[in-house]
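Novice: Got a predicted structure plus its sequence, pasted below:
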Protein chains: 2
Amino acid sequence: MTYVSVLHAMGDGTRRELLELLRRQPHAVGELATALRVTQPAVSQHLRVLEHARLVAVRPEGRRRVYSLAPGGLQELRAYLESFWADVLNAFAADDPNPPAPPEAPATPARRRAPRRRRRSRGSR
Amino acid sequence: MTYVSVLHAMGDGTRRELLELLRRQPHAVGELATALRVTQPAVSQHLRVLEHARLVAVRPEGRRRVYSLAPGGLQELRAYLESFWADVLNAFAADDPNPPAPPEAPATPARRRAPRRRRRSRGSR
DNA sequence: CCGATACATAAGTCATGGCTTATATATTTC
DNA sequence: GAAATATATAAGCCATGACTTATGTATCGG
């Protein structure tokens, strides 16, 4: 299950920053290290995780290593979330006559209408 | 940015197991604790994280607390990944004449055509 | 009310992983 | 081929967080 490694890879803040930088354009390791405020080995380690998740790919260019976004991992995660989303909709359709948006139109879904019964709930925080 | 908390929440394996259980049907805390092999407090702590990410919602039912999937967090993450996906496609379209599948048709994208130049790459592992 | 049940919260332990410094490996330049 | 540059790998430190065992707080049954 590759989407697991993708979720793990994207779960870290520094790696998300790397992805945001690569989102603009490909970058060599040194450029990424100076952009973020971490050392070069830290960046290399993060890039290895991202590479295993197939979120980035390398292209050796001289003695530099240029990293760029790769579609594999993201595609995998997207597919998983779509199947998950279907079940969320079903769970909602079960007791909500006014379901949220359909899968192809991402938008904030409608709120749940009302609790089934009010019963003096316990302190919610 | 809520999608950050969603990525963090889904980054943990135990929490993903909880989500998979809730994907079938709503469950009380005790049921989840016996299904997984962790203690009840551990489950409660994980559920709190999932709740903050708006991936689950609670419905008090007598002295039980029934958790079920909620659409908010997943919707947020899906929206973020879609915008991200657009940039991945652009990055690919820049140097690949045969781009991967469009956003509404999740499928394995075509492979990159060829490296720019072969140059006796360094040992790749 | 009182015991039992179901869950949340507190506090402490321990492992995972993110960061660092040091060093090894490639590649270009002179 | 030697020095310089760019990156990967190794090893160790340390913080975050996942788990545990208490214990507190509601809710139901008698």
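Specialist: Thanks, I have the structure now.
Novice: In which helix or strand does A:R59 reside?
Specialist: Assessed by DSSP states H and E, A:R59 sits inside strand A:56-61.
Novice: Briefly note if that strand comes near DNA strand C.
Specialist: Yes: Strand A:56-61 reaches DNA strand C (Cβ under 7 Å from any atom of the strand) through A:P60. Bear in mind the C-beta positions are built from the backbone N, C-alpha and C, glycine included.
Novice: Just the CA trace of that strand, in PDB.
Specialist: C-alpha atoms of strand A:56-61 as PDB (Å, rounded to 0.1, in the frame of the first residue of the first chain):
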ATOM      1  CA  VAL A  56       9.700  13.500  -6.200                       C
ATOM      2  CA  ALA A  57      12.200  12.300  -8.800                       C
ATOM      3  CA  VAL A  58      15.900  13.100  -9.300                       C
ATOM      4  CA  ARG A  59      17.700  14.000 -12.500                       C
ATOM      5  CA  PRO A  60      21.500  14.100 -12.100                       C
ATOM      6  CA  GLU A  61      22.900  17.100 -13.800                       C
END
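Novice: Now do that strand: distance to the chain's middle.
Specialist: 21 Å (Cα atoms, centre = their mean, to the nearest Å).
Novice: Check stretch A:31-42 too.
Specialist: Using Cα atoms, centre = their mean, the offset of stretch A:31-42 from its chain centre is 21 Å.
Novice: show me the contacts for A:D12.
Specialist: Neighbouring residues of A:D12 by Cβ atoms under 8 Å, 6 or more residues apart in numbering or on different chains: A:46, A:49, B:11.
Novice: From A:L55, how far off is it?
Specialist: Distance, A:D12 to A:L55, by Cβ to Cβ, to the nearest Å: 12 Å.
Novice: tell me, which of the contacts of A:D12 make contact with DNA strand C?
Specialist: A:46, A:49.
Novice: most neighbours, which of the contacts of A:D12?
Specialist: Comparing these by number of neighbours (other Cβ atoms under 10 Å in any protein chain shown), A:H46 comes first, having 22 neighbours.
Novice: Phi and psi next, for that residue.
Specialist: Note on A:H46: backbone dihedrals following degrees, to the nearest 10 are phi -60, psi -40.
Novice: same question, the one 5 residues further on
Specialist: The main-chain torsion angles of A:E51 are listed as degrees, to the nearest 10 and equal phi -70, psi -40.
Novice: What is the burial count for it?
Specialist: Around A:E51 there are 16 other residues, counting by other Cβ under 10 Å.
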